[in-house]
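Q: generate a structure from the sequence data that follows.
(3 chains)
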Amino acid sequence: MTGPLILRQGQRIGRQRFSGREAFRSVSAYYLLPFRFERFCGNEVLVVNDVGEHLFLTASDFARFTGHELRSDEDVYLTLKGKHFLADSDSLVPVDLLAIKARTKRAHLEGFTKLHIFVVTLRCEHTCRYCQVSRVTQDRKRFDMSEAIAHRAVEFTFRAPAERIKIEFQGGEPLLHFERIVQVVREARAKAAATGRHVDFVVASNLALLSDEMLEFFQQERVSLSMSLDGPAFIHNMNRPRPGGDSHEVAIASLTRARAALGADAVSALMTTTRLSLDHPRQIVDEYVLQGFHSIFLRSLTPLGFARRTAPRIGYDIDRFLRFYEEGLDRVLEVNRGGYQLVEVYAQLLLTRMLTPYSTGYVDLQSPSGAGIGVAVYNYDGDVYASDEGRMLAEMGDKRFRLGSLQADSYDEVFGGTRVRELVESSCNESLPGCSDCAFQPWCGADPVFNYATQGDIVGHRPDSDFHRKNAFIIRHLLELYRSDEGVRRIFWRWIRGNTIGDPNAESTT
Amino acid sequence: MPLDPLPWSQQESDTELTLTFDLAIYSLEAIQRACYWLTDRCYAHIETPSPEQARVRLVLKNPSESLRDLAGDLGNRVLDEQLRRQISAETQAVRDLIVAQAFAEADLEESREGDYNEDHEGIGR
Amino acid sequence: MRLEATGTAARLDHRVIGRIATADSPPEVREDAVLLWRHEDMATDGDTEGYLALLTPLPTLPTWARSIPAVTGVEGLEHLQAGDVVLLTPAGFVRILYRRHSEHNFLLVAQDCNSYCLMCSQPPRPSDDIGRVHEHLRLIDLVDPGTRELGLTGGEPTLLRDHFLEIVQRCKSRLPGTALHVLTNGRLFFYNKFAERLGAIGHTNLMLGIPLYSDVDSEHDYVVQAKGAFDQTVVGLNHLARYGVPIEIRVVLHRQTYQRLPRLAEFVVRNFPFVRQVVLMGLEFTGLTLTHPDDLWIDPAEYQGQLREATAYLHAAGLRVRIYNHQLCVLDQSLWQFAAQSISDWKREYLSCCGSCAVRSACGGVFATSRGRHSEHIKPFSGTAAIGPALISR
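A: Residues are numbered from 1 along each chain as shown, chains lettered A, B, ... in the order given. Okay, the predicted model is just below:
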C-alpha cells in the first residue's frame, strides 16, 4: 500500500492505491470459541455462546462450521466471528471482550446479598388453599418476630456490602405485626444512611388489614406493597377463602385506598396459579388490566407447605401449566398490541438474559442460584434460611436449608458456612448434569431447593425436572415468538428496557 | 403388532431393546450422556462386553411408547454428544483463558500498559 | 459559504490569530483583535492603536491605517462578524477559524492521520501539527465561553498525544460550558495510560466520536486501510469506558459498509452497551471518495432496509440513534425521528426542486462539497403530506 499522497480539492488528484479486502483477512485457519448447541425442527441448529449470544444456523452450515470448513469470505463466517463463535487470528481481543461480557453477566454477584426477607409473623387471617407458609391462625402471638431478633436481622442485612438493599416483609400476614415493620424500617433507614447505601422496602400482604395509620407510615417511608391477585373474583375467592368469602372485594378495596395514598406505582400484584387458574389464563390477564396493573407474573406453584398436602386438589402437572403460560402470554401480547402496557415478568427476566449483556436479580435464574447468597430469609424465630422455599420446607419439618441462627451464630458462620457453600457448589449450571451441555445454560439458572423438594437431592435429575422442562419450553417459545414478528420484538424490547416493575436487579423471588 | 426396529438395534421384547456401539467410533462418555437424557422415558443399562464394544439395554417406562423412536433418538443423541465432546475439547483452552481474564485485575496484554509516546506497537505510525 | 480567502498582506511577518472587532473598540478588546474595516466604515476617522492587525475587503487603506499589519482586498468574507476569530498569514491568506453565531465550529488540530479510510473527506498529509498547537490553544482562548459546542477534528487529533491532552485541558479551563466533540479513530487509546490521562482531565462536557465500520476486524480494517485498527479501536473503547469518557460510535454508510450494518448494531449493543449514542452518516462525496467513487457510492435509497433494521434494533435496545446527512425524502418516514440537520451551515445546500418542499426547513439538505452527487430519489413533499413525528435539529 502506498503512503498518503498530497491532495488538494480543486486540483488534479492522482490515482490512489487502496488494498483490497484480502489484504486484511487472516491467513490462519479459524478456531472455535466456547459455545453450546441445540437442534431445532426445520433443520436448524441454535448456537449459544458462553455469554448468551445466539444465532440460528442451517444444519449444513452448522456441520461445516464445526468441521472447520467455512471460508473466511462467507457471510455466515463473518457473522459467527462478529458474535464470538469463532476467531481466526492470534489477536486476544475476542478473549478480552468475552471476559468483559462474562463479568457483566455476573455483575449481580457484586454486593452479595441484596434481597432480605423478614418473616415478621406466621399469623394470618386467611386460609389460602395453596398457602406455602403453613400459617397459624391469628391469635398465637408466639409466632411473631421479637424486637431483638429483628434488630439482629437488620445488623446481618447491612453486613452485605450491596449498594442497594431490598427488605421484603412476609408472613403469614405481616400487617398483623405492624409494629415490627415500623421498627425494621426505621432501623434500616438509619443503618443505610450511616453506611452510604440505599434501601427499598416492600410488604407482601393481602392488604385486608390496611389501616390509615399503616398507609401514612408507608407513604412517609416510601414503602411499596405487593398484594395477591389470583384473578377475577371467582378464582381469587376460591383460592383464598376468608371468613366472609369476600377476599377479592376486600383486596380491590384496599388496592384503591393504597394507590390513593401511595401512588399507583407503589402497589404491585402477584398471582398464584392453581388448577382452577389453569383453565382461565385470559380472564386472569384481563383482571390485571381491569385493575390497572402493568405487570403480571404468570408463575407456577412449588409443591411445598400446605400446597403439598392439598396437591391432589390444587396441583397440576407441568404440561398443563405450560399450556396455561402460553395462552396467558398470548393474551398479554394481545393486550400490548391494543396499546395497554403490560409486562409478563418471567418473560421479561428471560428476555433480558437472552438479548442483553446484563444479568438479573431473580435468584432462580442465576448460576450459581441466588439461594443463600443473593437472598436471605430471616424467620420470626431467628432462624436464617437460604430462600422462601427453604423456610417452607422447615415448617414441614425439614431444615435442610437452614443456614443458621441469628441468636446463636455469627454472620460468617451463617453466610460462609457449609450449607451456603454446598448450595453454591451444586447450583452452578455450567457444571450440572444435563445443564452443562444445554444450549440454554447461559439464560437459565438452577433451583437446588426445588430439586431437593421434588426429586430428593439438591443437584437434581434434569430429564425429570419440572424446573428444566418449564424453562426449556418457555425459552424455546420466546425464541420462536421473537423471530416471528417485528411487533413482538418491539414489545419484548419495551419490556426489557421498561421500568414498570422497577429495577430488575432488585426483583423479589415471590 | 410387531414393532419395526432400526437395523442396528435388537428388539428383546415389546418394551426392551439393545443397541451395540463400536467404541472406536462412539465414546463411552457420549453414550452415557445420551442415555442420561432418555432416563425420563426409559431405564438404561450400559455394559462393555469387550474393550471395543459398549452394549446399551433400554426398557421403556411407558409401554405404549415407540421403541423405534427410542432407538433412533438414542443413536442421534449419541452423535450429538460426541460432537459436544469434540467442541468442548477444542474450546477448553480458550475457555480457561476467558475465565482467567474475567477474574483478573490486570490488562490482558502488557503492551497496553506501554507508553503512548514511545508507541512500541506503532499505532500512530 | 466561504471560510477562506486571499488578499494582499502588508507589514505582516508572522501568523496572527485574533478576534474580529470593529473600530472604536475598548483597549482590552483591541489587544486580541483584528480590526475589520468595511466600505461602510469609510467615513470613520479611526485609529488602529492596540489592534493586532487590520482586515478589509477594500483594495487600499486610509492613511490612518497604514502603520499596522494588514490584509487588504479580501473578498467573499462579507459574513464576518465581531467575535469571529480569524487567522492571517504573511502570504495574505485569511481563514475564519471560529464563527460566534454558528452552531458548527471546529478546530482542525491535525493534518496527519494513522488511518487512510476509503472515503476520507479530509485526506491526511504530513504537516507540522505539533508546531501549530500553540495556535489552537490561542484560538481556544479567544472563543466565546458561551459557545454551545466546539468540534476537535483532523486528520487524527490524538496523534498530538500530550498536546491533545493539553488542548482538552485548555478547553476545560477556558470553555467549561462548551461541549467538546472530538472526532478520533480511538486507536491510540489502546494504551491504557492515554485513556486514563484523558479521563483524569475531568472534562464534564466531552464526547469522543469514534468510527466503527463493522462487527468484524477484517472488514473494519479494510475500510480504514490499516491492519490491526479494529483491535486497537476496540481495546481503546474499553479503556475509555473504564475512565468514564463519553463515547459516540459513528458509521459512514457507503457501498462497503451498509451490508453488515444490522450485525454492527448487534455488536455495539452486546459489546459496548455504555456508548452514549450511535450516529449513522451519509457519505460526503469528497476527498478520497473521488478517487474511486464506484467502490463507495450507493444511492441511500438502496440501503434503507439495512438502515431501518439497524436503527430499529439500536433504538429498541435503548441506545440513542442519530441519522446524519440524509435527506428526508430519501429516508423511510419511520426514521425521520432520528434524522438531524447535521450538515454544517457553510457546506449545506438544497436542490432547486426542494424550493417547494413542505419539510424543507426540517431537512438537512445535501453537501455542497458533494459536487452534485446525491440520491436519485430527492423530490419535494407537497403541502398536504403528513409530516412525521417531531424532527430534531442537532
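
Q: alpha carbons only for contacts and neighbour counts from here, please
A: OK.

Q: all strands of the stretch 51-200 of chain C, in order?
A: For the stretch 51-200 of chain C, applying DSSP state E, counting those that start in this stretch gives strands covering C:53-55, C:70-72, C:85-88, C:93-98, C:105-108, C:149-153, C:179-183.

Q: cool, and chain B?
A: Assigned strands in chain B, in chain order: B:9-11, B:16-22, B:42-50, B:53-60 (criterion: DSSP state E).

Q: and residue A:149, which of the ones you listed is closest to it?
A: strand B:42-50 (50.2 Å; C-alpha to C-alpha).

Q: now that closest one and strand B:16-22, what's the angle there?
A: Here strand B:42-50 runs at an angle of 40 degrees relative to strand B:16-22 (axes from the mean of the first three to the mean of the last three C-alpha atoms, to 10 degrees).

Q: so in that sheet, which strands flank strand B:42-50, and in what orientation?
A: strand B:53-60 (antiparallel) (DSSP bridges).

Q: low-confidence ranges, chain A, go.
A: A:1-16, A:126-141, A:302-316, A:498-510 (pLDDT under 70).

Q: can you give me the distance of the residue nearest in space to the middle of it to residue A:453?
A: In chain A, the C-alpha nearest the mean C-alpha coordinate belongs to residue A:362, at 2.7 Å (C-alpha atoms, centre = their mean). The gap separating residue A:362 from residue A:453 is 20 Å, by C-alpha to C-alpha, to the nearest Å.

Q: ditto for residue C:137
A: 71 Å.

Q: same check on residue A:394?
A: Remark: distance between residue A:394 and residue A:453 (C-alpha to C-alpha) = 11 Å.

Q: kindly report the same for residue B:72.
A: 33 Å.

Q: equivalent analysis for residue A:461, please.
A: Residue A:461 sits at a distance of 12 Å from residue A:453 (criterion: C-alpha to C-alpha).

Q: what about the residue of the stretch 251-394 of chain C found nearest chain B, neighbour count?
A: Nearest to chain B, among the residues of the stretch 251-394 of chain C, is residue C:271, at 14.5 Å (C-alpha to the nearest C-alpha). Residue C:271 has 20 neighbouring residues, counting by other C-alpha atoms under 10 Å in any protein chain shown.

Q: with residue A:389 instead?
A: Quick note: residue A:389 (other C-alpha under 10 Å) scores 24 neighbours.

Q: which element is it on?
A: helix A:388-395 (DSSP states H and E).

Q: so which elements touch that helix?
A: Helix A:388-395 sits against strand A:402-405, helix A:448-455, with contacts defined as 3 or more C-alpha pairs under 8 Å, 6 or more residues apart in numbering or on different chains; DSSP states H and E.

Q: tilt between that helix and helix A:448-455?
A: Counting by the same axes, to 10 degrees, helix A:388-395 points 50 degrees away from the direction of helix A:448-455.

Q: now helix A:388-395, how far from the centre of its chain.
A: Once both centres are worked out by C-alpha atoms, centre = their mean, to the nearest Å, helix A:388-395 turns out to sit 19 Å from its chain's centre.

Q: more crowded one of residue A:461 and residue A:453?
A: Between residue A:461 and residue A:453, counted using other C-alpha under 10 Å, the more crowded position is residue A:461 (21 against 18).

Q: tell me if I'm right that the more buried one and residue A:454 touch.
A: No. Between residue A:461 and residue A:454 there is no contact, the gap being 10.0 Å when judged by C-alpha atoms under 8 Å.

Q: ok, residue C:366 - how many residues close by?
A: Other residues within reach of residue C:366, judged by other C-alpha under 10 Å, total 25.

Q: residue C:330 is in contact with that one, correct?
A: No. Using C-alpha under 8 Å, residue C:366 makes no contact with residue C:330, being 11.3 Å away.

Q: can you tell me, leaving aside adjacent residues, what's nearest to the residue in chain B positioned nearest to chain C?
A: Nearest residue of chain B to chain C: residue B:112, at 4.7 Å (C-alpha to the nearest C-alpha). Excluding the flanking residues, the one nearest residue B:112 by C-alpha to C-alpha, 6 or more residues apart in numbering or on different chains is residue C:191, at 4.7 Å.

Q: for the one you found, phi and psi?
A: phi -80, psi 110 (degrees, to the nearest 10).

Q: just list the residues touching it, thanks.
A: Counting by C-alpha atoms under 8 Å, 6 or more residues apart in numbering or on different chains, residue C:191 touches B:111-116, C:236.

Q: of those, buried ones?
A: Buried subset of those (neighbour count, 16 or more other C-alpha atoms under 10 Å in any protein chain shown): B:112, B:114, B:116, C:236.

Q: with respect to residue A:299, which of those residues is nearest?
A: Closest approach between these and residue A:299, by C-alpha to C-alpha: residue C:236, at 44.1 Å.

Q: mind listing what that closest one touches?
A: Here residue C:236 is in contact with C:186-192, C:195 (criterion: C-alpha under 8 Å, 6+ apart).

Q: can you rerun that using 6 Å?
A: When contacts are counted by C-alpha atoms under 6 Å, 6 or more residues apart in numbering or on different chains, residue C:236 touches C:186, C:189-190.

Q: phi, psi of residue A:224?
A: Torsion angles, degrees, to the nearest 10, at residue A:224: phi -90, psi 160.

Q: tell me what it is bridged to.
A: Beta-bridge partners, per DSSP bridges, of residue A:224: residue A:202.

Q: fine by me, we can end here.
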